[in-house]
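Peer 1: Build me a structure from this.
(one chain, ligands or ions: 1)
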Amino acid sequence: MRPPHSAPPPITIKIPPLSRPSSAGASPAGTTPQMPGRVEPNARMTSDPVVLSEQAATPLMSPTEMTDEEECRRSLLYPSTTPEDSPAVEIPDEDEHPVRPLSGGRNRGQTSSEASSSASGPRRSARLSSSSASSSVEPQEEFEEPRRRFRRRDPIVRSSSEEDVASQGGISRNSKYAQAFEEAGFGSISWRKDKRRIAKEFAPITQLAEDIPHDLHDRLNSLPPSARRAGNMQVLIFEAEIRANTAEDEPNAPPIRIINEVDDEPTPPLEFYYSNLMWHGKGVPKPDYDALQGCGCNGPCDPLSKTCACVRRQKSFLDGHSSGFLYDKKGKLKLHDYPIFECNMNCGCSDDCPNRVVQHGRQYEIVIQKTPNKGWGIFAGTKKIPANTYIGVYAGEYLMDADGEARGKIYNKFGRTYLFDVDFYHVKKHTGRKEVRYCIDAYHAGNFTRYLNHSCDPNCGINAVYLNEANIEKPLLAIFTKRDIEPHEELCFSYMGPIDGEAESSSDSEDDDDDETAPKLRNGAVYVECQCGASNCCGKMWK
Ligand SMILES: C[S@@+](CC[C@H](N)C(=O)[O-])C[C@H]1O[C@@H](n2cnc3c(N)ncnc32)[C@H](O)[C@@H]1O
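Peer 2: Okay, here's the model as predicted:
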């Protein structure tokens, strides 16, 4: 359970730390993520052309001050819990927290009580966003009821249709077997009639932010750096963790390699749980399956269909700029910056439907590689990646915006941001709400996309995509290439979102340091000069 909301300072979120001191209060060597010289503003990545608000933040700290700051960070990120906050056993209910966006299932990690009892590790943060406003909005739904891990399900006999189940090896409803089953207390259902119910039963489980596992990194971080480096162990374990944690939702994705030819840091800091999933924070509603509309197509959907519900829904969000689905026959994106509505678990169409791309996962090799001046980045592998190819989902914690704001202030102290505002134009238009309601934080959980650096001339873009989610305010953030990517070329997107107007004046700078690359203080937040190297570089990553 999370601590009481009343406790100041404003952060009331408790996330299980990935790195945890072995004894109370002390952080052993290697447990604290290092942030050599990279400093970020309280900025958010954005996909909409919105001006980012510059928030108060502390300036860069000296190493000594950083050490002193650790206790502060811990108390902010992982406030201590009272006994009533930490029930002895919490058993999640799959009904209450169903689905996750990408296909496949995953075991849950620790319960929140286990997590809170071990909380204390330091974290860094900052935020990425698709636009920039901020707001604290009343949650639609809260996970406050006790959760049960197991629920009893009445046994059922599944049959796809009355006519042909027997020929497929199934049990027809009229067969003697079905009668025997029913006499024994088993019900029977048919696919045609009970499609939605069956889909819901097999829907993926919603992951909760409070359950983000951290034991693997805790163990690794408790080892001295020399031990972690022996035999390339840290790299091998990092790469293996990626494979293990994505095996279900990206079974066909080429393996991700980690390369550093710049310095001797073996991998990025061991500070997050590698996952392609969305981990729901407090107050964030579970995915809405009930209102999720599916099409009734058989086999692959026809993009020219006049009756397919998914074609019609997609069309209604295209403002006449395209027709059919947003993917062509090869699964390439036809139009950037528009929301994508893929066929979903309530659809009758087949798995090879052209409107299922993101849900099939990454198909191209990518590499996590250290850059000389921007920290870690994402690069193409040995093969060219064609334009308009799906790369990955910006995975992490789905948070209420107010929680993102609070985290952002802490993250500023570390100078890196993984917060991303979900502030797409179509969401604002659809809801009539200008404020950002949710954000995604890839600091504690996320995938390789958290290493995508900013470029003023980006070769990738971000589209809102809806898989198994009817809530227009909760899309996934899918990254697509915007042009052909050469082998070994770095992949970047714009942290400012699509640039459709003049960048905001930087006259509000509080620091007129002559050194162009020195971190700048603006309204208390620390900014780093953009190092993208593009010919049109405007020198900054944030509006
Ligand atoms: C989302 S992280 C990207 C991954 C990051 N490089 C890392 O090592 O974790 C954003 C941070 O990367 C760095 N960064 C990204 N793009 C940059 C750029 N164009 N110039 C300088 N630093 C950049 C900044 O420190 C920024 O806060």
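
Peer 1: Show me the shaky parts of this protein.
Peer 2: The chain contains residues with pLDDT under 70 at 1-175, 187-193, 499-527.

Peer 1: Kindly report the residues of it close to the ligand.
Peer 2: Taking Cβ under 6 Å from any ligand atom as the contact definition, the chain meets the ligand at 38, 40, 126, 128, 374-377, 416-418, 450-451, 453-454, 528, 530-532, 541. In short, each C-beta sits where N, CA and C put it, glycine included.

Peer 1: Going by proximity to the ligand, name the top residue of the stretch 301-450 of the chain.
Peer 2: Using Cβ to the nearest ligand atom, residue 375 is the residue of the stretch 301-450 of the chain that sits closest to the ligand, at 2.6 Å.

Peer 1: Please report the number of neighbouring residues for residue 250.
Peer 2: Look at residue 250: counted by other Cβ atoms under 10 Å, it has 23 neighbours.

Peer 1: typo on my end, it should be residue 429
Peer 2: Counted by other Cβ under 10 Å, the residues lying close to residue 429 total 12.

Peer 1: And for the one 4 residues further on?
Peer 2: Burial measure for residue 433: 14 neighbouring residues, criterion other Cβ under 10 Å.

Peer 1: ok, it to residue 423 distance?
Peer 2: Noted for residue 433: a distance of 10 Å to residue 423, by Cβ to Cβ, to the nearest Å.

Peer 1: Repeat that for residue 395.
Peer 2: For residue 395, the distance to residue 423 - Cβ to Cβ - is 18 Å.

Peer 1: Where do the helices of the stretch 351-500 of the chain begin and end?
Peer 2: 401-412, 425-431 (DSSP state H, counting those that start in this stretch).

Peer 1: Would you mind giving these as CSV with distance to residue 217 added?
Peer 2: Listed next are those as CSV, based on distance: least, Cβ to Cβ, whole Å:
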stretch, distance to residue 217
helix 401-412, 18
helix 425-431, 34
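
Peer 1: ranking the ones you listed by burial, who's on top?
Peer 2: Among those, helix 401-412 has the highest mean neighbour count (mean count of other Cβ atoms under 10 Å), at a mean of 25.

Peer 1: helices and strands around that one, which ones?
Peer 2: Counting contacts by 3 or more Cβ pairs under 8 Å, 6 or more residues apart in numbering; DSSP states H and E, helix 401-412 packs against helix 63-77, strand 419-421, strand 438-441.

Peer 1: at 10 Å what do you get?
Peer 2: The contact analysis (3 or more Cβ pairs under 10 Å, 6 or more residues apart in numbering; DSSP states H and E) places helix 401-412 against helix 63-77, strand 396-400, strand 419-421, strand 438-441, strand 525-527.

Peer 1: Name the residues of stretch 384-403 that come out as buried.
Peer 2: Judged by neighbour count using 16 or more other Cβ atoms under 10 Å, the buried positions of stretch 384-403 are 385, 388-403.

Peer 1: mind checking the end-to-end distance for that stretch?
Peer 2: Counting by Cα to Cα, to the nearest Å, you get 39 Å between the two ends of stretch 384-403.

Peer 1: Repeat that for stretch 262-276.
Peer 2: End-to-end distance for stretch 262-276: 27 Å, by Cα to Cα.

Peer 1: let's have the chain start at 15 instead
Peer 2: In the new numbering, first residue 15, that becomes stretch 276-290.

Peer 1: Any buried residues in that stretch, and which?
Peer 2: Quick answer for stretch 276-290 (16+ other Cβ under 10 Å): 279-290.

Peer 1: Looking at these, point me to the pair that's furthest apart.
Peer 2: The most widely separated members of the buried residues of stretch 276-290, counting by Cβ to Cβ, are 279 and 290 (24.2 Å).

Peer 1: rewinding a little: wait, the residue of the stretch 315-464 of the chain closest to the ligand sits on residue 431?
Peer 2: No - Residue 389 lies out of contact with residue 431 (Cβ atoms under 10 Å); the separation is 11.6 Å.

Peer 1: These two: which has the busier surroundings?
Peer 2: residue 431 (28 against 20).

Peer 1: you'd agree that one is up against residue 467?
Peer 2: No - look at residue 431 against residue 467 with Cβ under 10 Å: they stay out of range, at 11.8 Å.

Peer 1: what is in contact with the two at once?
Peer 2: By Cβ atoms under 10 Å, 6 or more residues apart in numbering, residue 431 and residue 467 have these common neighbours: 509, 555.

Peer 1: what's the domain layout of this structure?
Peer 2: The record, using automatic domain parsing to delimit domains, assigns the chain the ranges 53-104, 239-302+372-527.

Peer 1: In JSON lines, list those along with distance to residue 332.
Peer 2: Output for the domains of the chain, formatted as JSON lines (distance: least, Cβ to Cβ, whole Å):
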{"stretch": "domain 53-104", "distance to residue 332": "17"}
{"stretch": "domain 239-302+372-527", "distance to residue 332": "10"}
